[in-house]
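Novice: what's the 3D shape of this:
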Amino acid sequence: MDMHGKTAFITGGASGIGLAIAQRCAAEGMTLLIADIEEGALAGAAATLRAEGATVFTYRLDVADLDRYRAVAAAVIADHGAPFLLVNNAGIAWKAPASAATPEDWRWTISVNVLGLGYGLSLFVPAMIAGGQGGYVLNTASITGLIVSPGGSAVYSASKHAVVAISETLAHELRPHGIHVAVLCPGSVATNITDADRNLPADLTPDALSSAAAEERAFTRSFVDNGIAPAAVADQAFAALAERRFYVVTHPEYRDEIETRHRQIEAAVRGEPASDVALLAMAKQVLNLQPLT
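Specialist: Residues are numbered from 1 along each chain as shown. Just a heads-up that it's a prediction; the model follows:
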């Protein structure tokens, strides 16, 4: 996988997994095009990367803002051409149970985690195809795109299941064009993702969001703080790209839960009765591990 001299466009690239992926891209000799909603973090990340010898261009971007995304994409393509590696990484972890979520919880989460990713695909993939150079698309989902955490993550889980579905269909669409698609499904990673409300859009106020989401965040934060390093996630993602694998699952300890869910689906296809015992066991296993991110 020769990426030297190629460009990478990375959303959510100023911190956490996005920054770690940017550093991994820099190690491959790529030119970095980093977008992030946080201007201060963006400047800090650029300074760090440049100090490490990387060539970096930055773009202030809220991926849910379509007009701004259109302007950024147009500037990127005009100045650098279509990216060789498109990393749709920006996202929020705002978790609320379906029974307690407000319409604003749904709107905010879906606008960032699903529409923001879709905008990136719509604005860059046609240019990648037209360029005829192949390339890669890496979409950041979550382990909750493969299984669900019982209780409080309906909104977040729905958004990340959508990312997996979009990625799977996109992989089939882009294969004839030599563009490989991978979906990143991490568990707990030591990032600031649980502090999503630091970037509330102007038309949202904290009292419009579910109080249950704030409670879930407090529970989840300690596990995220003790998660694996973002650099380890980036290394696994690049290994998957090099091997042209689709799924990138960073936490193998969830294997039993994933297999249990799929066995339930397979049993239903065969017309066999569902095993509530198996589903309950899966729920207990998930709860005994850690919150899913």
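
Novice: report the buried residues of the helix ranked longest in the chain.
Specialist: Ranked by number of residues, the top helix in the chain under DSSP state H is helix 154-174. Within helix 154-174, the residues scored as buried using 16 or more other Cβ atoms under 10 Å are 154-164, 166-167, 170-171, 174. Quick note: C-beta positions are derived from backbone N, CA and C, even for glycine.

Novice: of those residues, closest to residue 246?
Specialist: The closest of the buried residues of helix 154-174 to residue 246 turns out to be residue 171 (Cβ to Cβ; 5.8 Å).

Novice: find the nearest non-adjacent residue to that closest one, please.
Specialist: Nearest non-adjacent residue to residue 171, counting by Cβ to Cβ, 6 or more residues apart in numbering: residue 181, 3.9 Å away.

Novice: okay but the one you found is in contact with residue 135, surely?
Specialist: No: judged on Cβ atoms under 8 Å, residue 181 makes no contact with residue 135 at a distance of 9.9 Å.

Novice: who touches both of the two?
Specialist: Shared contacts of residue 181 and residue 135 (Cβ atoms under 8 Å, 6 or more residues apart in numbering): none.

Novice: ok so, going back, closest one of the buried residues of helix 154-174 to residue 258?
Specialist: Among the buried residues of helix 154-174, and counting by Cβ to Cβ, the member closest to residue 258 is residue 164, at 11.9 Å.

Novice: quick one: low-confidence ranges for the stretch 151-293 of the chain?
Specialist: Within the stretch 151-293 of the chain, the stretches with pLDDT under 70 are 151-152, 192-200, 202, 204-226, 274-293.

Novice: what about the helices in it?
Specialist: Taking DSSP state H, counting those that start in this stretch as the criterion, the stretch 151-293 of the chain carries its helices at 154-174, 211-225, 230-242, 255-269, 276-289.

Novice: what is the burial count for residue 185?
Specialist: 26 (other Cβ atoms under 10 Å).

Novice: check contacts around it.
Specialist: Contacts for residue 185 (Cβ under 8 Å, 6+ apart) come out as 141-143, 145-146, 164, 247-250.

Novice: repeat that for 7 Å
Specialist: 141-143, 145-146, 247-249 (Cβ atoms under 7 Å, 6 or more residues apart in numbering).

Novice: partners of it in the sheet?
Specialist: residue 249 (DSSP bridges).
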